[in-house]
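Asker: here are the coordinates; sequence isn't available:
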């Protein structure tokens with residue numbers, strides 16, 4: 001497609017050098033040169049009929065006109081030099097009629113407005129004596145002079161219009177390229193946000209389950225070592241089967257919850273934000289998945305932790321019968337409690353964990369998860385009691401969740417206890 005475009009548009013108008021001529025430019029330049037040469041030949045043949053012209057002017061006319069025709073090949077690379085060369089040719093010759101029209105058009109198209117206007121004024125000033133002395137008295141009077149003036153102005157206006165159109169095309173192309181770059185940047189940002197959301201969801205789901213698996217497996221390994229050391233009784237088949245069943249069930253639940261996370265991440269934003277009326281989440285292709293965890297699921301989460309051997313005191317001080325927060329906010333509250341229990345299990349094993357829910361519509365929702373620090377842990381930090389590895393991304397993910405919900409998250413050690421405190425908005429009526 002570059003065959004049909006001028007070099008300025010193919011190069012994008014970046015100004016990084018002279019634009020390279022395209023095939024279209026060579027064709028146009030060739031046609032304009034033939035146009036100029038045709039007028040030069042015709043007007044040169046008529047010079048002998050102009051008896052009123054001085055002999056020196058008749059001899060000079062073809063040479064100046066021919067030189068200007070040849071100069072047209074450099075009009076793209078040196079527009080100002082060619083325009084200045086055309087000043088004496090336009091002032092003293094008739095044979096430069098065709099070439100001068102191309103030069104005027106080129107001057108208006110390729111020079112800035114102020115410089116182009118100055119060149120046009122130079123043309124008009126220098127041609128005025130020729131018109132007044134020879135053209136008007138001998139070639140038809142003032143109408144011929146008016147035609148000469150229109151000749152200059154029409155080609156100049158044509159050139160300015162072509163310049164404005166090209167600049168508009170370049171601006172539109174630059175805007176389109178900028179929009180493509182912005183779109184690509186938005187895609188990168190969206191992919192980055194999606195990766196962060198996936199990482200956050202997977203951490204919240206898997207960290208809880210894997211920590212439960214680690215506790216059960218650790219207990220099983222501990223009993224085995226005690227038995228081998230003769231410090232305890234050996235596990236019977238029922239206990240081994242029960243422990244293996246608990247580990248298997250938690251592994252299955254981890255896979256199921258991971259599958260549900262992927263469904264939620266693929267769901268439409270509207271479904272993810274507001275959820276269907278029945279409380280189920282609609283996944284990709286309209287397929288319904290099981291309800292996402294909310295405030296009503298926190299009690300089951302606490303019971304599950306207790307069954308794993310964690311001591312948890314649960315206090316639900318939320319008003320009964322109040323309109324619940326929207327599903328996305330409830331899921332965030334659930335993740336806060338889940339992360340608090342997981343951290344306590346990892347860093348303060350054996351400590352009692354207190355989970356307290358307070359708040360009401362219009363006053364916000366407050367969740368507090370706290371546990372005493374284990375012995376030997378500095379009062380300004382947390383321990384690594386069970387040795388369960390962690391990436392340290394849980395609290396970071398909670399911060400991101402709370403920010404998305406216009407909530408706040410505070411955590412730290414206070415009076416020998418680690419406290420995780422989250423506050424979430426709870427409007428009077430769910431949106």
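Answerer: Received the coordinates, thanks. As the structure is a prediction and not an experimental result, all values here were calculated from the model.

Asker: beta-bridge partners for residue 414, please?
Answerer: Taking DSSP bridges as the rule, residue 414 bridges to residue 417.

Asker: residue ranges with poor pLDDT in the stretch 151-300 of the chain?
Answerer: 204-205, 208, 216, 232, 260-291 (pLDDT under 70).

Asker: residue 254 - how many residues pack around it?
Answerer: By the criterion of other C-beta atoms under 10 Å, residue 254 has 18 neighbours. In this view, the C-beta of every residue, glycine as well, is placed from N, C-alpha and C.

Asker: my guess is it contacts residue 207. True?
Answerer: No. Using C-beta atoms under 8 Å, residue 254 makes no contact with residue 207, being 9.9 Å away.

Asker: next, the distance between the ends of stretch 300-319.
Answerer: Using C-alpha to C-alpha, to the nearest Å, the end-to-end distance of stretch 300-319 comes to 19 Å.

Asker: which residues does that stretch contact?
Answerer: 212, 215-216, 219, 246, 293, 295, 298-299, 334, 337-338, 341, 344-345, 350-360, 365 (C-beta atoms under 8 Å, 6 or more residues apart in numbering).

Asker: just the buried members of the residues you listed?
Answerer: Burial by neighbour count, 16 or more other C-beta atoms under 10 Å: within those this picks out 212, 215-216, 246, 293, 295, 298, 334, 337-338, 341, 344-345, 351, 353-359, 365.

Asker: of the residues you listed, which belong to helices?
Answerer: 212, 215-216, 246, 298, 334, 337-338, 341, 344-345 (DSSP state H).

Asker: just the residues you listed now: which is nearest residue 415?
Answerer: residue 344 (16.4 Å; C-beta to C-beta).

Asker: host element of the spatially most central residue of the chain?
Answerer: For the chain, the residue nearest the mean C-alpha position is residue 186 (2.2 Å; C-alpha atoms, centre = their mean). Secondary structure from DSSP states H and E places residue 186 in helix 142-228.

Asker: before we move on, what about residue 231?
Answerer: Counting by DSSP H and E, residue 231 is found in no helix or strand.

Asker: with residue 108 instead?
Answerer: helix 97-110.

Asker: same thing with residue 362?
Answerer: Using DSSP H and E, residue 362 falls outside every helix and strand.

Asker: need the contact list for it.
Answerer: 426-428.

Asker: residue 106 now?
Answerer: 75-76, 79, 82-83, 159.

Asker: could you redo the last one with a cut-off of 10 Å?
Answerer: Applying C-beta atoms under 10 Å, 6 or more residues apart in numbering to residue 106 gives the contacts 32, 72, 75-76, 79, 82-83, 86, 116, 155, 159, 162.

Asker: residue at max distance from the center of the protein?
Answerer: For the chain, the residue at maximal distance from the C-alpha centroid (C-alpha atoms, centre = their mean) is residue 51, at 73.2 Å.

Asker: look at the residue lying closest to residue 365 once chain neighbours are set aside and report its pLDDT.
Answerer: The shortest distance from residue 365 to any non-neighbouring residue, by C-beta to C-beta, 6 or more residues apart in numbering, is to residue 359 (4.0 Å). Looking at residue 359, its pLDDT stands at 92.

Asker: who are the contact partners of residue 359?
Answerer: Applying C-beta under 10 Å, 6+ apart, the residues near residue 359 are 317-319, 322, 325, 333, 365-367, 423-426.

Asker: kindly recompute the last result at 7 Å.
Answerer: 318, 365-366, 426 (C-beta atoms under 7 Å, 6 or more residues apart in numbering).

Asker: could you identify which of the residues you listed has the most neighbours?
Answerer: For these, the largest number of neighbours (other C-beta under 10 Å) sits with residue 365, at 25 neighbours.

Asker: tell me which residues are up against stretch 157-169.
Answerer: Contacts for stretch 157-169 (C-beta under 7 Å, 6+ apart): 8-9, 104-109.

Asker: buried stuff in stretch 318-335?
Answerer: 318, 324-335.

Asker: what's the closest of those to residue 95?
Answerer: Nearest to residue 95 among those, with distances taken as C-beta to C-beta, is residue 328, at 82.0 Å.

Asker: just read off the phi/psi values of the closest one.
Answerer: Main-chain dihedrals, residue 328, degrees, to the nearest 10: phi -60, psi -40.

Asker: how much space separates it from residue 334?
Answerer: Here residue 328 is placed at a distance of 11 Å from residue 334 (C-beta to C-beta, to the nearest Å).

Asker: what do you get for residue 304?
Answerer: 12 Å.

Asker: now swap in residue 65 and tell me
Answerer: Counting by C-beta to C-beta, the gap from residue 65 to residue 334 is 89 Å.
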